[in-house]
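S.K.: Quick check, what structure comes out for this input:
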Amino acid sequence: MKKFMMISVVITTFAFIGNVQAQNRRWSLQECIDHAIRHNIEVKQSRNRIEKLKVEKSTLKNSFLPDLSAGTSQKFDFGRSLNRSNAYEDSNTQSSSFSVSAEMPLFTGFRRSASVSRNKFDLMAAEADKELIENDLSLNVTSCYFQILLNKEIHKIAQEQIRLTREQEDRTLLLIENGKAPQSQLYDVKAQLADDELTATEAKNSLRLSLLDLIQLMELQDHEEFDIDSLDENISRTDTVMPQTIYAAALNCMPQIKQAYYSLQSSLKAIKVAKAGYYPTLSLGAGISTGYYHSGNSINPSFRQQLQNNMQKSVYLSLSIPLFDRFSTRNEVRTARIEESNARLSLENEKKNLYKEIEKAYTDAVNALEKYESTSKAVVANEEAHRYALEKYASGKSAVYEYNEIKMKLAEALSKQSQAKYAYLLKERVLAFYSCRESALSH
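M.R.: Numbering: from 1, shown residues only. Reported below is the predicted structural model:
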């Protein structure tokens, strides 16, 4: 019994440790993207649409096969009725019939082949649409991920401001004790500390909200200890590929372009499907039937003998020529042509939108890099100014508001530098994504 209890304690301990580690681990960007894709409702719906089209594909291919059917009937007559000699008599009769028939369409105006081709493009468009949903989701997750990293930086800057203000409070107390500063400066420092703590609280709340945005996007259930991992945040100035080059690569791989192109091809096949109504249809059929008759007023051959004697076999061709269908086919063709025109316009619109997105991302990346370089210079200058102001204040040669002003400028410069840095890193990944580099978002 003691041995069993010890084993249970060990298992429980390891399970607890494993659970704590799972909760405290940091999620990488790729893990966040993969989890979001696996649990996203729209992605699951797109998979169902693909499966539905695959079933439709099987149905269309099977339409080339002949159909086979069998039938039977049983009839009872009472009173005056026709007998087997086609004369009326008063008797009770019964008859049975059995039949088997098969029919196969030989020509349907190319409707079936055009429908199969249309389904193929619909399936490819659905797969491209699924990829588009996954790409949009990946971009949204990446954007939230970088927003969290930025908010962490801003919160860190706010915490640093609190640390500096508390050091300032200690220096102010020392200056007051030595008679180098009035008591009022201590109140100013305490007021500044309260403002810094409020700023830190707001930064922490923004961080919480950004974490919640990512959690909701990932459809994550257990998220009390959720946190993300850091990324390679080094910025090295490189020559960014021009939008035209990125656009040329994106045309061959972006799913929105593929989806619009396949939809256009499907609409072209839909015109052929509609035109099939102008053509005649030809079918080949065959059948075999027999029956049994029993009359109460005569001698009836045996059931087996009648089945053999009444056997009928047939082979036939059926031709149906459309003459006038109240202009139904004509209007179907007109509608299909309008849909084809809309699909062509949608493809052109997707190309224009793609170029606009790439051009905007490129411009944002260039602006963010220039802003980062400017803010980096501002940070260096403000750090030097802060060092000098701190020395002046520590020696009692400046007022508290002068030091606070320099300190706030430094915090503002650091915040702008972080914003520019993460804006550039995000846009750089977006441009790499449009260039169709594998895993561009997560690496």
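
S.K.: hey, where'd the helices end up in the stretch 251-400 of the chain?
M.R.: Per DSSP state H, counting those that start in this stretch, the stretch 251-400 of the chain carries helices over the ranges 255-275, 303-309, 328-394, 400-434.

S.K.: which stretch among those helices comes nearest residue 28?
M.R.: helix 400-434 (14.0 Å; CB to CB). Using the backbone N, CA and C atoms, a C-beta is placed for each residue, glycine as well.

S.K.: any idea of the mean pLDDT in that closest one?
M.R.: Helix 400-434 shows a mean pLDDT of 92 in the predicted model.

S.K.: how does the chain divide into domains?
M.R.: 28-65+108-279+325-434, 67-106+282-321 (automatic domain parsing).

S.K.: now do the same end-to-end measure for the last one.
M.R.: Which is domain 67-106+282-321. 22 Å (CA to CA, to the nearest Å).

S.K.: Any stretches of the chain with poor pLDDT?
M.R.: Applying pLDDT under 70 to the chain flags the ranges 1-24, 79-86, 88, 90, 236-240, 296-297, 438-443.

S.K.: Find the centremost residue of it, please.
M.R.: By CA atoms, centre = their mean, the mean C-alpha position of the chain lies nearest to residue 133, the distance being 2.4 Å.

S.K.: Would you mind confirming that that residue is in contact with residue 43?
M.R.: Yes. In this structure, residue 133 is within contact of residue 43 by CB atoms under 8 Å, at 5.6 Å.

S.K.: if we can go back for a sec, what helix or strand is the residue nearest to the centre of the chain on?
M.R.: helix 111-177 (DSSP states H and E).

S.K.: next SSE after that helix?
M.R.: With DSSP H and E, the next secondary element past helix 111-177 is helix 184-218.

S.K.: For that following helix, which helices and strands make contact with it?
M.R.: Counting contacts by 3 or more CB pairs under 8 Å, 6 or more residues apart in numbering; DSSP states H and E, helix 184-218 packs against helix 29-39, helix 111-177, helix 400-434.

S.K.: what comes up buried for that helix?
M.R.: Buried residues in helix 184-218, counted by 16 or more other CB atoms under 10 Å: 185-186, 188-189, 192-193, 196, 199-200, 203-204, 206-207, 210-211, 213-215, 217-218.

S.K.: how near is residue 386 to residue 173?
M.R.: Distance, residue 386 to residue 173, by CB to CB, to the nearest Å: 20 Å.

S.K.: of these two, who's got more company?
M.R.: residue 386 (19 against 14; other CB atoms under 10 Å).

S.K.: With adjacent residues omitted, what lies nearest to that one?
M.R.: Counting by CB to CB, 6 or more residues apart in numbering, residue 386 lies nearest to residue 410, which is 4.7 Å off, once chain neighbours are set aside.

S.K.: so what's that neighbour up against?
M.R.: By CB atoms under 8 Å, 6 or more residues apart in numbering, the contact list for residue 410 reads 379, 382, 383, 385, 386.

S.K.: Please tell me how far the nearest residue to the second one once chain neighbours are set aside sits from residue 213.
M.R.: Meaning residue 382. Using CB to CB, 6+ apart and skipping residues adjacent in sequence, the residue nearest residue 382 is residue 410, 4.2 Å away. Between residue 410 and residue 213 the computed distance is 29 Å (CB to CB).

S.K.: Would you check how far apart residue 34 and residue 285 are?
M.R.: From residue 34 to residue 285 the distance is 55 Å (CB to CB).

S.K.: what's the answer for residue 128, then?
M.R.: 42 Å.

S.K.: the more surrounded of these two?
M.R.: residue 128 (21 against 16).

S.K.: pretty sure that one contacts residue 254?
M.R.: No. Between residue 128 and residue 254 there is no contact under CB under 8 Å: 9.1 Å.

S.K.: Doesn't residue 223 belong to a strand?
M.R.: No. Residue 223 is assigned coil when assessed by DSSP: H, G, I helix; E, B strand; the rest coil, not a strand.

S.K.: OK, contacts around it?
M.R.: With CB under 8 Å, 6+ apart, residue 223 has these contacts: residue 215.

S.K.: Same check on residue 178?
M.R.: residue 396.

S.K.: Check the gap between it and residue 333 for me.
M.R.: 97 Å.

S.K.: Torsion angles phi and psi at residue 234?
M.R.: As for residue 234, its main-chain torsions (degrees, to the nearest 10) stand at phi -80, psi 140.

S.K.: That one: neighbour count?
M.R.: 7.

S.K.: Repeat that for the one 10 residues further on.
M.R.: By other CB under 10 Å, 11 other residues sit near residue 244.

S.K.: Quickly find the element holding it.
M.R.: Counting by DSSP H and E, residue 244 is part of helix 243-250.

S.K.: quick one: contacts of that helix?
M.R.: 257, 354, 355, 358, 359, 362, 431, 434, 435, 436.

S.K.: Am I right that the second one is in contact with residue 258?
M.R.: So the one you mean is residue 354. No. Taking contacts as CB under 8 Å, residue 354 lies outside contact range of residue 258: 11.4 Å.

S.K.: follow-up on the earlier one: turn the helices of the stretch 251-400 of the chain into TSV, columns for distance to residue 62.
M.R.: Putting these into TSV (distance: least, CB to CB, whole Å) gives the following:
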stretch	distance to residue 62
helix 255-275	17
helix 303-309	33
helix 328-394	24
helix 400-434	41
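
S.K.: Narrow the contacts of residue 410 to those that are buried.
M.R.: Using 16+ other CB under 10 Å, the buried ones in these are 379, 382, 385, 386.

S.K.: picking up where we left off before, pick the one among the contacts of helix 243-250 closest to residue 50.
M.R.: Out of the contacts of helix 243-250, the member with the shortest distance to residue 50 (by CB to CB) is residue 257, at 18.7 Å.

S.K.: now residue 120, nearest residue through space, not along the chain?
M.R.: Residue 120's closest residue in space is residue 57 (CB to CB, 6+ apart), at 7.3 Å.
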